[in-house]
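Participant: here is my input; please provide its structure:
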Amino acid sequence: MSLADEHEVDVEFYHRDGTIYVDTRSAPEQLLVLLDGLGLERHGGEGEIWHQVPDQMDEIAMKDMADRAAWLLTRHGFQVSIDTGLFGGTAYRAALTTSPAHRPAPAPAAPAPSASRPRRTR
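Facilitator: Residues are numbered from 1 along each chain as shown. Modelled structure (predicted):
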C-alpha cells in the first residue's frame, strides 16, 4: 500500500533521505505519463510504481520541480498531498500568478465624463 492510498489522494509527494518521492494510488496510465512528462523519474518494483525527482538536482531545484508538479497535477484535477516542507515555494506562487484562474480581476474602468456636464479647464 502506498502513502497515496493511506492518505486517500491520487498523488502523494514526500521527502525522505534527500530524495523527493511521488506515490500514486491505482494510477491510470494518463497520470503516469503526465508525471513522466513533468521530468519525474519512473521506478517500479514488486508490482508498485512510483516516481521521484532526479537525485542529481540540488535541493532547491528538487523542491521547485516538486512544487511545479504538484500545482500542475492539481490543475489537471488530481488530488495531491505534499509534505509541508515542499509545498508553497517560489514555483508554486509564480505558477499561481500566471494562472488565468488566479489572476486578480482588473480594476473597474473610470466612468466616462458625462456629456451634459461641461469639462473644467483652467
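Participant: low-confidence regions, this protein specifically.
Facilitator: 1, 5, 85-122 (pLDDT under 70).
Participant: repeat the analysis, applying 90 as the threshold.
Facilitator: Applying pLDDT under 90 to the chain flags the ranges 1-32, 34, 38, 44-51, 53-122.
Participant: which parts of it are strands?
Facilitator: With strands called from DSSP state E, the chain shows them at 11-16, 19-24, 41-45, 48-52, 80-82.
Participant: what packs against the shortest one?
Facilitator: What it means is strand 80-82. Contacts defined by 3 or more CB pairs under 8 Å, 6 or more residues apart in numbering; DSSP states H and E place strand 80-82 against strand 11-16, helix 59-75. Where C-beta positions appear, they are placed from N, C-alpha and C, glycine not excepted.
Participant: what are the buried residues along the first one?
Facilitator: Along strand 11-16, the positions that meet the burial threshold by neighbour count (16 or more other CB atoms under 10 Å) are 11-15.
Participant: just stretch 57-77 next, same as before
Facilitator: 62-74.
Participant: how about stretch 14-29?
Facilitator: Neighbour-count burial for stretch 14-29 [16+ other CB under 10 Å]: 14-15, 20-25, 27.
Participant: and it, C-alpha only, in CSV?
Facilitator: C-alpha atoms of stretch 14-29 as CSV (Å, rounded to 0.1, in the frame of the first residue of the first chain):
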residue,chain,number,x,y,z
TYR,A,14,7.1,13.2,0.3
HIS,A,15,10.8,13.9,1.2
ARG,A,16,13.0,11.1,2.7
ASP,A,17,16.7,10.7,2.9
GLY,A,18,17.4,13.6,0.5
THR,A,19,15.1,12.4,-2.2
ILE,A,20,11.6,13.6,-3.1
TYR,A,21,9.3,10.6,-3.9
VAL,A,22,5.9,10.7,-5.6
ASP,A,23,3.5,7.9,-4.9
THR,A,24,0.3,7.3,-6.8
ARG,A,25,-2.9,5.4,-5.9
SER,A,26,-4.0,3.0,-8.6
ALA,A,27,-2.6,5.4,-11.2
PRO,A,28,-4.1,5.4,-14.6
GLU,A,29,-1.5,5.4,-17.4
